Structures are given as structure tokens and as C-alpha cells.
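In: Any chance you could fold what I've pasted below:
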Amino acid sequence: MYKFEDYENMAMLCLSESERVLLKKRFDEISATFTAIDEYDTDGTLPLVALPDLKNVMREDVSSRFMPREELMANAPEQHDGYFRVPAAID
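Out: Numbers count the residues shown, from 1 in each chain. Have a look, this model is predicted:
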């Protein structure tokens, strides 16, 4: 079974000490839960292979104007050619 440090290394995480302490605590809690589940005898238990018969309950995807562009853009701190201007997420 992997330890927190193994996952940290595999994911190449650069964590501060406070982040490491917090995430290790959460990891240990989750790991303990799976350890507790492993103690149950599930021999002879069939896995759930089918979900209930559900129908699409989502609305139709139809676009509509809910606010005039000028009114919406009036709240934008920065804009360019009628679009919101935001800081780059990737260099």
C-alpha cells in the first residue's frame, strides 16, 4: 500500500510544510476508511453492474440572451473587442 509521500512524489507535488501536514492528515483519514472497509467479508457479494433506469432530466440546451451585452460589459474591469479580458492562465 502506498504512503502519502509516494503519491506526493509520483504527482511531483511541491508542497509547503503546512500543506503537507494538512494533506497527509486527510490522506491518512481516507486510507483508514478503506482499511476499515477491507475488514468486511464481501465473498459471495455480487458487484453492482447496472444503474437504475434513469431518463435525461436536464433541460434542453437552448441559448438565449438574458442581458444586453453593453450592460454586461459595463461591469467588466477590463475588456477587449467586446469580450472580458482576464489574466493569462498559461504562460
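In: quick check: longest helix of this protein.
Out: In the chain, ranked by residue count with DSSP state H as the criterion, the top helix is helix 17-38.
In: What distance do you get for Asn75 to Ile37?
Out: 49 Å (Cβ to Cβ, to the nearest Å). Every C-beta, even on glycine, is put in place using the N, C-alpha and C of the backbone.
In: likewise Gly82?
Out: From Gly82 over to Ile37 (counting by Cβ to Cβ), the distance is 54 Å.
In: Repeat that for Pro52.
Out: Taken as Cβ to Cβ, the span from Pro52 to Ile37 is 23 Å.
In: So what touches the helix or strand bottoming out on mean pLDDT in the chain?
Out: Within the chain, no helix or strand scores below helix 69-73, which has a mean of 86 by mean pLDDT, DSSP states H and E. If you take Cβ atoms under 8 Å, 6 or more residues apart in numbering as the criterion, helix 69-73 is touched by Gln79, Gly82, Phe84.
In: how distant is stretch 22-32 from the center of its chain?
Out: 17 Å (Cα atoms, centre = their mean, to the nearest Å).
In: Tell me the buried residues in that stretch?
Out: Of the residues in stretch 22-32, Lys24, Phe27 count as buried by neighbour count, 16 or more other Cβ atoms under 10 Å.
In: Output that stretch in PDB with nothing but the alpha carbons.
Out: What follows is stretch 22-32, C-alpha atoms only, in PDB (Å, rounded to 0.1, in the frame of the first residue of the first chain):
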ATOM      1  CA  LEU A  22      -2.900  19.000   6.100                       C
ATOM      2  CA  LEU A  23      -2.900  16.800   3.100                       C
ATOM      3  CA  LYS A  24      -1.200  13.900   4.900                       C
ATOM      4  CA  LYS A  25      -3.800  14.100   7.700                       C
ATOM      5  CA  ARG A  26      -6.600  13.900   5.100                       C
ATOM      6  CA  PHE A  27      -4.800  11.100   3.200                       C
ATOM      7  CA  ASP A  28      -4.500   9.100   6.400                       C
ATOM      8  CA  GLU A  29      -8.200   9.600   7.200                       C
ATOM      9  CA  ILE A  30      -9.200   8.300   3.700                       C
ATOM     10  CA  SER A  31      -6.700   5.500   3.900                       C
ATOM     11  CA  ALA A  32      -8.100   4.400   7.300                       C
END
